[in-house]
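Asker: The following comprises the amino acid sequence and a computationally predicted model.
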Amino acid sequence: MTDHNAPLILVVDDYQDAREMYAEYLQFSGFRVAEARNGNEALEQAFALKPDLILMDLSLPGMDGWEATRRLKSDEATRHIPIVALTGHALAGASEGARRAGCDSFVTKPCLPDDLVIEVRRMLGTAKQA
Amino acid sequence: MNSLSVRTPSRTPAPVVSPSARLELLEYYLAHHEDLSRYASVSLEWLSRHAGIKRSVCLVVDAESSTLVGISGNGVSTEDVELFSYPLADPHDPLVATIAQTQPTYFRSVRINGDPSRALPSTPIGPGPFTAIPLRAGRDGQRDAVGLLLVKAPTPLPPDVSWLASVLAQKIEQIRGRGSLAEEIRRLRRERALFFTIINSVTDPILLTDTEGRLIVANARAEKLFAANEEESEGRRRAIELNNMLFSAALSRTAVEMPSEARELLLVDPNDGSDLLFEVLSSTVEDPREGTGIVSVLRNITDLRRATEQIEENYQKLRLAEAAARAERDRLNLIIDSVADPIIVTDQGGSTVLMNKPAEELFTVLADADDAAQRTVQANDAHFSSFISGLLLGESGPGEIRRGEIGLMQPMTGAPIPVEAIAGKVLTETGELTAVVTILHDRREALERARLYEQLKKASDELQMRVQSATMELATQNELLRRQAIELEQASRLKSQFLANMSHEFRTPLNAILGYTHMLLQGVAGDLPPNVKRQLTRIDSNGRHLLTIINEILDITRIEAGKMPMQITEFDLNDIVQEVMTELDPVITRSKLVVTPRLLPEPLLVQSDRQKVKQIVVNLLSNALKFTHQGGIEIAVSFNPDDRMASVGVTDTGIGIAPEHHEKIFEDFRQVDDSPSRQYGGTGLGLAICRRLANALGGRITLRSNLGEGSTFTVTIPAEAPQ
């Protein structure tokens, strides 16, 4: 039932329930979805699949989301992919840190799947226009 | 010889020439054997008397010096006549030429046809025309005349003039036969010169006056005081005039009173106008020719008087100084007596010169005092003598001061008096010892004071030690408190960090719960039966409530940790009220209450964090809606220009709050009813957060309420951002 031309979203989150929840809802909403559990996997998947958008949780074991984002944004092959940061830390400065790392957008958890899909669609629209 | 002036008293002339008059002159010539100038003088006088010629001069030729010299004059300055000496070298000179002639020559001041021979020669006869008559013994023109007779007389000349010239010439020739004319004149002149040198060398003014006080002869000194020339200044002339008057008055008194007695005369110095005091000695002289005259010698005693006055003045000063010295000595005695310490002055021999009263009490005793007192005084004296003996013997250097302690006793009571003695030498200018001054200082008081001081010092030391230990204890306490404060701060920071982490840990599972519930409600798993949907909705609403609590806890944590970011902008407080009402419109509609905004007609601009102010107003309005069941709510904006504070007040007609609960409701997790089965929902953190936010913005939240009377919550913030 998934459209093969539908945009491919890479969901990066170490917390399985959250990752699968977003993946399931994105598929339900008509996207293609790939998953990664940490920074290293995220880099591998991104280079291999060239997703249309990456949802990046910032607090990850091993290589964290900030570091992964910096690497993706410093590589010619993946620089164009929009990255939406996901974080449970609502403290001041969190969003600023994410932007400095290269994230294009920032979403605070808890984030309802519906809201997330709206943000993903908005970012894809911006990317397409760009 | 410039200081001689003679006035001859004038007599009425006899214009008629009679043979007897001529005879009289010739008789005189025969009867008297006089010098040349005397004959000439008598002749000129005769001319004045019998021919009416008031001014005449007799000049004679001095062959030795080849000059024409004056020997006598009548009605002219004697001095000019005596000084006159005219060279005969130039035969063309009109005056010299006249000597060679037989006829008189008339000299006029006007030159005729530029002939220099007619120019007026300068002679003692004075300015103006005159006639010069050659003095010739006979009519022969072979020899030059012996001299010239110069007269001021009308032309033609009276015959007596020619007659006189002829007889005078004969007489001159006759006398010249006896001796040299020049020698005669020189002798006379020497004598006169000597005379004037003598009287001029006298520093006292000397005057010869006639009986009427007219000046005949004066020396240089006297002329300065009494003779005035035409050229002299007005002041000087007036001074001289005054001096003449004073002198005349003095002379007239002398004439009446004792003639030879010295008297004082006050004159004026014509030079500077100062007073000059003279002593005048006058004596009358009888001269066969000049008649009676008065010779006055004036002695300047101005300085003498001044010296006398000076001596008197000095004597007065001396007396005053003596009086001052006496007063000084009396005062000194008074001072010495008023000193409480005994003072003793001893002379170089060791005997007492002076004692003040306190010293007397120690070293003297009444004759009728008892033996004990007598012995005590003797003992005191012995102690004192041995103390100063060193100084008297000159053991120590000059001017040195000696200190020491002497054990004396009170003669009346026998009580011991320890004294400190200070003795100093009094030396003369040459360094000889004249006296020793000793001051005795009673040491009883000093000793007592030292004892008291020791006690005081001991007490003070003890006190100081106590203060020190107290201070140390305080420092320890302070250090403890400081550490506790640090620990507390650390604990607080740890708590904040813990809460922040915890809220994050809460969110992760809550995210999944809310997410999946949402997905199910969105129909990811297909349509759900209504009861399941209702149950899922319960999960959703409780999950959201939990999320609110977690967010509010996080807010409080942030505010307390000082990590709440403030974004200060300028905005209109009216706008905030309208925005909040719009945002809560669904709730307002549901509550069926009337919410009335009371806005200010003008924008109320404040500088603050817009988001935080709005959050507070939302909270206050939400509470009002939650706790009000009927009536209405007012939201009023106001501004106090005095303290420049802006306020938003929310007034409801709700249940109200008892005053004892006013503080409680601002505490964390508090509602008035905090029983588990409380009627109203909410976390109980809203007002706690509002208060913290308002404080963070430099403002406050106040409450005015009573149970059953509704409430007014007011947030007040400064209109200008705090610096």
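Answerer: Received it, and whenever you're ready, just let me know what you need.
Asker: B:Asn619 and B:Glu560: what is the separation?
Answerer: 18 Å (C-beta to C-beta, to the nearest Å). Bear in mind the C-beta positions are built from the backbone N, C-alpha and C, glycine included.
Asker: I should have written B:Thr131 there, sorry.
Answerer: Distance, B:Thr131 to B:Glu560, by C-beta to C-beta: 149 Å.
Asker: neighbour-wise, which of these two wins?
Answerer: Neighbour count, other C-beta atoms under 10 Å in any protein chain shown: between B:Thr131 and B:Glu560, B:Thr131 has more, with 24 against 16.
Asker: Quick check, pLDDT for the more buried one.
Answerer: At B:Thr131, the model reports a pLDDT of 88.
Asker: Using CSV, write out every CA atom in the host helix or strand of it.
Answerer: Here B:Thr131, judged by DSSP states H and E, is contained in strand B:130-135. Coordinates of each C-alpha in strand B:130-135 appear next as CSV, following Å, rounded to 0.1, in the frame of the first residue of the first chain:
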residue,chain,number,x,y,z
PHE,B,130,75.4,157.8,33.2
THR,B,131,78.2,160.3,32.8
ALA,B,132,81.9,159.5,33.3
ILE,B,133,84.1,162.5,34.4
PRO,B,134,87.9,162.1,34.1
LEU,B,135,89.6,162.9,37.4
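Asker: What strands line up against that strand, and which way round?
Answerer: Strand pairing for strand B:130-135, using DSSP bridges, gives strand B:105-107 (antiparallel), strand B:147-151 (antiparallel).
Asker: Give me whichever of those strands is most buried.
Answerer: Neighbour counts (mean count of other C-beta atoms under 10 Å in any protein chain shown) averaged over each of those peak at strand B:147-151, with a mean of 27.
Asker: Could you list the residues in contact with it?
Answerer: Residues from elsewhere that reach strand B:147-151 (C-beta atoms under 8 Å, 6 or more residues apart in numbering or on different chains): B:47, B:53, B:55-61, B:68, B:71, B:95, B:98-99, B:123-125, B:130-135, B:157, B:161, B:164-165, B:168-169, B:172.
Asker: Tell me how many other residues crowd the residue in the stretch 151-300 of chain B positioned nearest to chain A.
Answerer: For the stretch 151-300 of chain B, the residue closest to chain A is B:Asp272, as judged by C-beta to the nearest C-beta, at 107.9 Å. Around B:Asp272 there are 8 other residues, counting by other C-beta under 10 Å.
Asker: quick one: secondary structure of it?
Answerer: Following DSSP: H, G, I helix; E, B strand; the rest coil, the label given to B:Asp272 is coil.
Asker: Mind pulling up the pLDDT for it?
Answerer: 81.
Asker: Could you pick out the longest helix of the chain?
Answerer: You didn't say which chain, so I picked chain A. Identified as the longest helix of chain A according to DSSP state H is helix A:113-129.
Asker: please go with chain B instead
Answerer: Longest helix in chain B by number of residues (criterion: DSSP H): helix B:444-521.
Asker: Could you list every helix and strand in contact with that one?
Answerer: Packing contacts for helix B:444-521, counted by 3 or more C-beta pairs under 8 Å, 6 or more residues apart in numbering or on different chains; DSSP states H and E, involve helix A:16-28, helix A:113-129, strand B:416-427, helix B:530-560.
Asker: mind redoing it with 10 Å?
Answerer: The elements that helix B:444-521 packs onto, with contact taken as 3 or more C-beta pairs under 10 Å, 6 or more residues apart in numbering or on different chains; DSSP states H and E, are helix A:16-28, strand A:83-87, helix A:113-129, strand B:416-427, helix B:530-560.
Asker: any idea of the mean pLDDT in that helix?
Answerer: Helix B:444-521 comes out with an average pLDDT of 87.
Asker: one step back: hey, least reliable of the strands paired with strand B:130-135 by pLDDT?
Answerer: If the strands paired with strand B:130-135 are sorted by mean pLDDT, strand B:105-107 sits at the bottom with a mean of 84.
Asker: sec struct for the residue of chain A found nearest chain B, please.
Answerer: Using C-beta to the nearest C-beta, the closest approach of chain A to chain B is made by A:Pro110 at 3.8 Å. The local conformation at A:Pro110, judged by three-state DSSP, is coil.
Asker: ok, it touching B:Tyr516?
Answerer: No - if you go by C-beta atoms under 10 Å, A:Pro110 and B:Tyr516 don't touch, sitting 11.5 Å apart.
Asker: Spit out the contact partners of residue 68.
Answerer: Since no chain was named, I'll use chain A. A:12, A:36, A:38-43, A:46, A:54, A:56-58, A:60, A:62, A:83, A:101-102 (C-beta atoms under 10 Å, 6 or more residues apart in numbering or on different chains).
Asker: Sorry, I should have been clearer: chain B.
Answerer: B:Leu68 neighbours (C-beta under 10 Å, 6+ apart): B:59-62, B:84-88, B:93, B:95-96, B:98-99, B:123, B:147-148.
Asker: ok, 8 Å please
Answerer: Here B:Leu68 is in contact with B:59-62, B:84-88, B:95-96, B:99, B:147-148 (criterion: C-beta under 8 Å, 6+ apart).
Asker: Filter the residues you listed down to the ones in strands?
Answerer: Of the contacts of B:Leu68, the ones assigned to strands by DSSP state E are B:59-62, B:85-87, B:147-148.
Asker: So which of those residues sits lowest on pLDDT?
Answerer: B:Asp62 (81).
Asker: Who is that one paired with across the strands?
Answerer: Going by DSSP bridges, B:Asp62 forms beta bridges with B:Thr67.
Asker: Once you drop chain neighbours, what's closest to the residue in the stretch 401-550 of chain B that chain A sits nearest to?
Answerer: Closest contact between the stretch 401-550 of chain B and chain A, by C-beta to the nearest C-beta, is at B:Asn511 (3.8 Å). Spatial nearest neighbour of B:Asn511, chain neighbours left out: A:Pro110 (3.8 Å); criterion: C-beta to C-beta, 6 or more residues apart in numbering or on different chains.
Asker: what about that neighbour, how many neighbours?
Answerer: Residues lying near A:Pro110 (other C-beta under 10 Å) number 23.
Asker: these two touch, right, B:Ile665 and B:Pro659?
Answerer: No - checked against C-beta atoms under 8 Å, the pair B:Ile665 and B:Pro659 is beyond contact range at 11.3 Å.
Asker: what residues are shared contacts of the two?
Answerer: Here B:Ile665 and B:Pro659 share no contacting residue, scored by C-beta under 8 Å, 6+ apart.
Asker: Looking at those two, which is more packed in?
Answerer: Using other C-beta under 10 Å, the more surrounded residue of B:Ile665 and B:Pro659 is B:Ile665, with 20 against 11.
Asker: The more buried one and B:Gly708, how far apart?
Answerer: For B:Ile665, the distance to B:Gly708 equals 16 Å [C-beta to C-beta].
Asker: do the same with B:Leu440
Answerer: Distance from B:Leu440 to B:Gly708, counting by C-beta to C-beta: 96 Å.
Asker: quick one: which of those two has more around it?
Answerer: Neighbours of B:Leu440 and B:Gly708, each counted by other C-beta under 10 Å, are more numerous for B:Leu440; the result is 24 against 10.
Asker: all helices of the stretch 51-200 of chain B, in order?
Answerer: Along the stretch 51-200 of chain B, the stretches classed as helices by DSSP state H, counting those that start in this stretch are B:78-83, B:94-100, B:159-178, B:181-201.
Asker: So which bits of chain B are right by chain A?
Answerer: Residues of chain B lying near chain A by C-beta under 8 Å from any C-beta of the partner chain: B:500, B:504, B:507-512, B:514-516, B:518-519, B:522, B:524, B:547, B:551, B:554, B:558, B:563-565.
Asker: follow-up on the earlier one: export the helices of the stretch 51-200 of chain B to JSON lines and tack on mean neighbour count, distance to B:Ala307 and mean pLDDT?
Answerer: Output for the helices of the stretch 51-200 of chain B, formatted as JSON lines (neighbours: other C-beta atoms under 10 Å in any protein chain shown; distance: least, C-beta to C-beta, whole Å; pLDDT from 0 to 100):
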{"stretch": "helix B:78-83", "mean neighbour count": "18", "distance to B:Ala307": "39", "mean pLDDT": "82"}
{"stretch": "helix B:94-100", "mean neighbour count": "18", "distance to B:Ala307": "58", "mean pLDDT": "84"}
{"stretch": "helix B:159-178", "mean neighbour count": "18", "distance to B:Ala307": "57", "mean pLDDT": "80"}
{"stretch": "helix B:181-201", "mean neighbour count": "14", "distance to B:Ala307": "25", "mean pLDDT": "75"}
